[in-house]
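# predicted structure and sequence below. I'll ask about it afterward.
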Amino acid sequence: MIALRKADERGHANHGWLDSYHSFSFADYHDPQHMGYSSLRVINEDYVQPGKGFGTHGHRDMEIITYILEGALEHKDSMGNGSVIRPGDVQRMSAGTGVQHSEFNPSQSEIVHLLQIWIEPNVTGIEPSYEEKHFDAASKRGTPRLIASSDGHDGSVTIHQDASVYAALIDGTERVSHQLAAGRKAYVHVARGKVSVNGKALSAGDALKASDESTLVLDHGIQAEVLLFDLK
C-alpha cells in the first residue's frame, strides 16, 4: 500500500529567522493523522537566516539526525562537541538522559537549508552521544547510500533503533531499487528535485509512505535528492 504526503499539506511556521515545514506534528502544528510513521517522528525542512539559529535547548530520549542541503550549520552541545557541518555531512545526536545544544548559521550572507529528523529510540535512559560523518555526492549518485543504521555498518552513523536511512541522488536515466523485507515499512522524502517512486510522481517536499510492498523503484529523476527510511 502506498500513500502520498504532498509538500503543501505539511505544517508551516515562519518565525522570520526560521522558515520551517513540518512533515509530522511538531510545536504548534498538530495533526492527529500525521503524528509520525513507525519510529520516524519528525522531518522538519528548515531554512535559517544568516547569523541566526536555535539557542541552547534540551532534548531527552530521541535520535536526532541533521542533514544539510545548502549552507553551513554550527553545532555546540553540553557533551563538549563543536563543529560546522555542510552539505554531505550527517550529524547524529542521541539525546539519552539529556543533552543541551545550539545550532547556528555562521554565515552573514547565506541561508542554511537543512532537514532535521527525529527517530524514536528503542532504548531510553542511555548516555548521550554524538557522531558526524561525510557522504560525498559520488557515493549517493544513482544508488541508495546507507547513512544511518542500528549497527553503523557500511560507514553509517549509528542510531538506537531498528531503522535504516539511505540517501540517493537520481537524475536522467538513473534508477534506484530498494528491497523491503516482509513486515517492513518505508518512508521516502524528496529533499529537492523530482522523482518517480513506484510510478508515483513526487516533487521537492513530497513524501510517500509504503507498507506491504516488496520493492521500491525510484526513477525518472530530475536533479532529485531523496531520503529513504526503512522502518520496522
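Happy to help now that I have it.
# so the most centrally placed residue in the chain, which state does it fall into?
In the chain, the centroid-proximal residue (CA atoms, centre = their mean) is I117; its distance is 4.3 Å. Secondary structure for I117, judged by DSSP: H, G, I helix; E, B strand; the rest coil, is strand.
# which residues are in contact with H34?
Going by CB atoms under 8 Å, 6 or more residues apart in numbering, H34 touches R5, S23, F24, S25. For the C-beta atoms, the positions are set from N, CA and C on the backbone; glycine is no exception.
# how about a cut-off of 10 Å?
Contacts were defined as CB atoms under 10 Å, 6 or more residues apart in numbering; by that measure H34 touches R5, E9, R10, G11, H22, S23, F24, S25, F26.
# wait, the first one sits on S23?
By that I understand R5. Yes. At 6.6 Å, R5 counts as touching S23 under the criterion of CB atoms under 10 Å.
# quickly list what's touching both of the two.
The contact sets of R5 and S23 overlap at H34, Y37, I43, Y187, H189, G205, D206, A207 (CB under 10 Å, 6+ apart).
# just the helices in the protein please.
137-140 (DSSP state H).
# can you give me the buried ones in the longest strand seen in the chain?
The longest strand of the chain (DSSP state E) is strand 215-231. Across strand 215-231, burial judged by 16 or more other CB atoms under 10 Å covers 216, 218-221, 224-231.
# end to end, how far does stretch 186-205 reach?
From its first residue to its last, stretch 186-205 covers 16 Å (CA to CA, to the nearest Å).
# next one: stretch 5-24
Terminal residues of stretch 5-24 are spaced 10 Å apart (CA to CA).
# also stretch 126-138?
Start-to-end, stretch 126-138 (CA to CA) is 35 Å.
# just to revisit the earlier point, of the shared contacts of R5 and S23, which pair is most distant in space?
For the shared contacts of R5 and S23, the maximum inter-member distance is 16.0 Å, found between Y37 and G205 (CB to CB).
# show me which of those two is the more surrounded one.
A direct count of neighbours by other CB atoms under 10 Å for Y37 and G205 places Y37 higher, at 21 against 18.
# for that one, which non-adjacent residue is spatially closest?
Excluding the flanking residues, the one nearest Y37 by CB to CB, 6 or more residues apart in numbering is Y187, at 5.1 Å.
# got a list of what that neighbour touches?
Counting by CB under 10 Å, 6+ apart, Y187 touches 5, 23, 36-38, 40, 43, 163, 165, 207-211, 227-231.
# do the same with A168
Applying CB under 10 Å, 6+ apart, we find A168 in contact with 139-145, 174, 176, 178, 188, 195, 218, 221, 224-228.
# try S203
If a contact means CB under 10 Å, 6+ apart, then S203 has K6, A7, V190, R192, G193, K194, V195, I222, A224 as its contacts.
# try H57
Applying CB under 10 Å, 6+ apart, one finds that H57 lies in contact with V99, Q100, H101, S102, E103.
# and with 7 Å instead?
Counting by CB atoms under 7 Å, 6 or more residues apart in numbering, H57 touches Q100.
# so what's it scoring on pLDDT?
The model reports H57 with a pLDDT of 94.
# and what of the one 10 residues further on?
pLDDT, Y67: 98.
# dig out what the closest residue to it other than its chain neighbours forms beta bridges with.
Leaving aside its chain neighbours, Y67 sits nearest to L115 (4.3 Å; criterion: CB to CB, 6+ apart). Assessed by DSSP bridges, L115 has beta-bridge partners E45, Y67.
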